[in-house]
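>>> Starting from these lines, generate the structure:
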Amino acid sequence: MSLSRADFHQQHQARARDHALQLFAEKAVMQGAWLNWVASQLYLLRPAEYASMVRRELQQLQEPPAR
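Prediction:
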């Protein structure tokens, strides 16, 4: 029995957020090389649904704070 999309999201949300935070923490260290590196890290993640969750979390981390 496979998980529904909502169940998968709920089950893996915290892990995806932590993973995104770890990847984002490398941005200051890697600077200009980070974008290619993080893209390669996202490409390696499985399943694809999890990779998408991590990508969305990274996007949120990079957005400027709302005023």
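>>> Spell out the secondary structure type for Pro65.
coil (DSSP: H, G, I helix; E, B strand; the rest coil).
>>> the helices in this structure, which residues?
5-30, 34-44, 48-62 (DSSP state H).
>>> mind putting these in CSV, mean neighbour count included?
Quick note: C-beta positions are derived from backbone N, CA and C, even for glycine. What follows is these, written out as CSV (neighbours: other Cβ atoms under 10 Å):
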stretch, mean neighbour count
helix 5-30, 13
helix 34-44, 13
helix 48-62, 15
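>>> got these as a markdown table, with mean pLDDT columns?
Conversion of those to a markdown table gives the following (pLDDT from 0 to 100):
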| stretch | mean pLDDT |
| --- | --- |
| helix 5-30 | 96 |
| helix 34-44 | 97 |
| helix 48-62 | 96 |
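>>> Run through the residues that contact the residue nearest the centre of the chain.
Closest to where the C-alpha atoms of the chain average out (Cα atoms, centre = their mean) is Val54, at 1.9 Å. The neighbourhood of Val54, defined by Cβ atoms under 8 Å, 6 or more residues apart in numbering, consists of Ala16, His19, Ala20, Leu23, Leu42, Leu45.
>>> so what's the closest residue to Arg5 other than its chain neighbours up against?
Of all residues not flanking Arg5 in the chain, Glu49 sits nearest, at 7.3 Å (Cβ to Cβ, 6 or more residues apart in numbering). Glu49 sits next to Arg5, Phe8, His9 when contact means Cβ under 8 Å, 6+ apart.
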